[in-house]
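Colleague: Next come a sequence and a model predicted from it.
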Amino acid sequence: MPELRELYQELILDHGKRPRNFGKLEGANCQANGYNPLCGDKITVYVNVDDNIIQDLRFEGVGCAISTASASLMTEKCKGKSLQEAETLFHLFHELLTGEVGEESAAELGKLSVFSGVKEFPVRVKCATLPWHTFRSALQGIGEVVIKE
């Protein structure tokens with residue numbers, strides 16, 4: 001199990017240092033901002049949705065390694081998904097960090113399951129979920145800043 005934990009830590013550190021899909025998305029038709037005042041994470045999520053499919057997804061901002069890695073892995077996982085599939089992933093990810101997730105759900109999350117250990121640190125759960133709540137807000141067109149404290 002220690003090898004698995006090290007692998008998870010390496011994946012989070014890699015995405016935290018070299019986030020994928022980082023930067024503003026020109027022509028985005030959905031956008032939202034998120035903020036975690038407890039640790040200072042700030043994120044903007046940009047989405048381009050066409051015919052209920054997430055065509056492109058990017059983010060920018062500043063945050064801890066967990067927040068940045070979560071946003072990076074989220075963008076990789078959700079690109080090309082339908083809005084319903086993205087909503088399902090949101091719920092599965094939230095369950096992963098706040099409760100129990102079965103093997104089938106963990107398999108559906110793929111690399112995102114690296115965040116399973118975060119639930120041992122409740123204050124860090126907000127770091128990992130901020131990008132997801134911001135992404136969901138962008139898709140719902142709420143227009144309010146997502147604040148996770």
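Modeller: That came through, no problem. Residues are numbered from 1 along each chain as shown.

Colleague: what about stretch 31-49, how long is it end to end?
Modeller: From its first residue to its last, stretch 31-49 covers 11 Å (CA to CA, to the nearest Å).

Colleague: Residues touching it, excluding its own?
Modeller: Outside stretch 31-49, the residues that touch it by CB atoms under 8 Å, 6 or more residues apart in numbering are 24-25, 27-30, 54-64, 67, 71, 83, 123, 126-127, 130-131, 133-135, 137-139, 142-143, 145-149. (Glycine included, C-beta is placed from N, CA and C.)

Colleague: Which ones among the residues you listed lie within strands?
Modeller: Assigned to strands by DSSP state E, the following of the contacts of stretch 31-49 qualify: 30, 54-62, 146-147.

Colleague: how about those, which pair is most distant?
Modeller: Spatial extent of those (CB to CB) is set by the pair 55 and 147 at 28.0 Å.

Colleague: picking that back up, list buried residues within the ones in strands among the contacts of stretch 31-49.
Modeller: Neighbour-count burial (16 or more other CB atoms under 10 Å) applied to the ones in strands among the contacts of stretch 31-49 gives 30, 54, 56-61, 146.

Colleague: Including pLDDT and distance to residue 47, could those go into CSV?
Modeller: Formatted as CSV, those follow (pLDDT from 0 to 100; distance: CB to CB, whole Å):
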residue, pLDDT, distance to residue 47
30, 94, 4
54, 97, 6
56, 97, 7
57, 97, 5
58, 98, 8
59, 98, 10
60, 97, 13
61, 95, 15
146, 74, 14
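
Colleague: got a markdown table for those residues, with distance to residue 40 too?
Modeller: Shown next, in a markdown table, are those (distance: CB to CB, whole Å):
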| residue | distance to residue 40 |
| --- | --- |
| 30 | 25 |
| 54 | 28 |
| 56 | 27 |
| 57 | 23 |
| 58 | 21 |
| 59 | 16 |
| 60 | 15 |
| 61 | 10 |
| 146 | 15 |
